[in-house]
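# Fold the following and give me the result.
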Amino acid sequence: MAAAGTITLTRVKFELEVKALLEALSYAINFQAEDGLGISKHCVASSPNESKGLIHWERQTSQDGSLFLVHPTEIRTLDTCAHRVGSKTSAEKDLFCIEDDLYDVSVDQEDERIVAQPQPSEVNHHYECTEWFFSIVFSDTWLVPVLFFRVQRMDATPCLRQDILSYCNNHDVKDSWEFISQEEHPITGDPSFFLHPCQTSVRLAKLQTNARNPDTNDSPAVPGTLLLSWLSMILPAVRSRISPTTYSHTHHQLLQIAANDNNDR
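Below is the predicted model:
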């Protein structure tokens, strides 16, 4: 049972959210394509600091029957800082050196920012294309969705942790996600980054009003709106976003789907 001021999901509710959101996103994508605003599945960021949007989610099922979402590969330009003065480039600073445990958050936010923001005088910038693999998994521990992502160079070698932290450390986003941790992906087993879910239930509670049916204050959230709001909230932490146009079309369609379902009952 969720504590006061928090919102958690059951796996069944998560799957209902996923089903509704994917249907609504498909509508929004097709609508924009017909309007000449199509968005490529394999997005290429227009600058090192911005993704075109993570909206082409696809449903998959794990071997144990658990539902999760994956996104087509994104190509982004990343400053890998290959010649950082005084830094080690050996395996001890490799992506596979997992420092944060999913159930024991000991990372200090300010310490992360110090590591993530090297001094300009110490860096010779080296930009290269990288592949980003995103997925959304339901956490049975935290009872909320969790965004996982893996980053590698075009030759399939993993990018360094400090370079990912530097890329994601966006000082222009005041309400950014505090914890970017590392852990084996719960389904694939690949070493991955993830947005730690320790604050998710609290933030979902703050979104509850926007996710509820606008016709009544007591009605439950319209399926899909909570997951849509969660995505719009967390994506800036990985330099992505859902555009206002896409959000508006998707939200409108979610309300329409809910209305149609009520009429069919």
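
# before we move on, which element is Gly65 in?
Assigned by DSSP states H and E, Gly65 falls within no helix or strand.

# make that Phe138, sorry
According to DSSP H and E, Phe138 maps onto strand 127-139.

# In that strand, which residues are buried?
Neighbour-count burial for strand 127-139 flags 130-139 (criterion: 16 or more other C-beta atoms under 10 Å). Any C-beta I mention is one placed from the backbone N, CA and C, and that applies to glycine too.

# how about the CA coordinates for it, as PDB?
Extracted C-alpha coordinates of strand 127-139, given in PDB (Å, rounded to 0.1, in the frame of the first residue of the first chain):
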ATOM      1  CA  TYR A 127      33.000  14.400 -30.300                       C
ATOM      2  CA  GLU A 128      31.800  11.200 -31.800                       C
ATOM      3  CA  CYS A 129      28.600   9.400 -32.700                       C
ATOM      4  CA  THR A 130      27.200   7.000 -30.100                       C
ATOM      5  CA  GLU A 131      24.300   4.600 -29.900                       C
ATOM      6  CA  TRP A 132      21.700   4.900 -27.100                       C
ATOM      7  CA  PHE A 133      19.500   2.000 -26.200                       C
ATOM      8  CA  PHE A 134      16.500   2.900 -24.000                       C
ATOM      9  CA  SER A 135      14.000   0.600 -22.200                       C
ATOM     10  CA  ILE A 136      11.200   1.000 -19.600                       C
ATOM     11  CA  VAL A 137      10.900  -1.800 -17.000                       C
ATOM     12  CA  PHE A 138       8.400  -2.100 -14.200                       C
ATOM     13  CA  SER A 139      10.100  -2.400 -10.800                       C
END
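
# Could you find the closest non-adjacent residue to Phe149?
Closest residue in space to Phe149, ignoring its immediate chain neighbours: Phe134 at 4.8 Å, by C-beta to C-beta, 6 or more residues apart in numbering.

# which ones are touching the one you found?
The contact partners of Phe134, taken as C-beta atoms under 8 Å, 6 or more residues apart in numbering, are 54, 70-71, 74, 147-149, 238.

# How many residues are close by Gly189?
Gly189 has 8 neighbours, counted by other C-beta atoms under 10 Å.

# pretty sure Leu78 belongs to a strand, no?
Yes. Counting by DSSP: H, G, I helix; E, B strand; the rest coil, Leu78 falls inside a strand.

# Starting from the strand holding Phe138, tell me which strands it pairs with and how they run.
Strand 127-139 pairs in its sheet with strand 67-70 (antiparallel), strand 74-79 (antiparallel), strand 144-153 (antiparallel), by DSSP bridges.

# looking at the ones you listed, which has the lowest confidence?
Sorting the strands paired with strand 127-139 by mean pLDDT places strand 74-79 lowest, at a mean of 90.

# quick one: low-confidence ranges for the stretch 151-265 of the chain?
Counting by pLDDT under 70, the stretch 151-265 of the chain contains low-confidence ranges at 170-178, 208-220, 265.

# What are the boundaries of the strands in it?
In the stretch 151-265 of the chain, the strands defined using DSSP state E, counting those that start in this stretch lie at 180-184, 191-195.

# out of these, nearest to Thr157?
For Thr157, the closest of the strands of the stretch 151-265 of the chain is strand 191-195, at 12.5 Å, according to C-beta to C-beta.
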